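Trainee: Quick one, what's the 3D model for this:
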Amino acid sequence: MQLRWEDSEDIAEQLLAAHADMDPLSVRFTDLRRWVTELADFADDPSASSEGKLETIQMAWLELYKELNE
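Mentor: Reported below is the predicted structural model:
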């Protein structure tokens, strides 16, 4: 599966697996962008990210993180 910036749920799942102990709200967007582009399945243009796309990914990751840590 090739991931694009719009695949926030799928990206969030992979970020949760890779950084299970990390609170998504503590991650700077610069780090989040780097982590997304470093995912093995990421195949989109790294320069096509935006604050809105990163925030959507972060919120999807936060939902998964909360489910695991309730």
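Trainee: mind listing the helices for the protein?
Mentor: For the chain, helices defined by DSSP state H occupy the ranges 8-18, 29-38, 51-68.
Trainee: which of those is buried the deepest?
Mentor: helix 8-18 (a mean of 18; mean count of other Cβ atoms under 10 Å). C-betas here are computed from N, CA, C, even on glycine.
Trainee: Now do the contacts for residue 61.
Mentor: For residue 61, the contacting residues are 11, 12, 15, 16, 24, by Cβ atoms under 8 Å, 6 or more residues apart in numbering.
Trainee: give me that answer again for 7 Å
Mentor: Contacts for residue 61 were tallied using Cβ atoms under 7 Å, 6 or more residues apart in numbering; they are 12, 15, 16, 24.
Trainee: pLDDT score for the last one?
Mentor: In this case it means residue 24. Turning to residue 24, the model gives it a pLDDT of 97.
Trainee: How about the first one?
Mentor: pLDDT for residue 12: 98.
Trainee: Assess the claim that it and residue 57 are in contact.
Mentor: Yes: assessed by Cβ atoms under 7 Å, residue 12 is found in contact with residue 57 at 6.0 Å.
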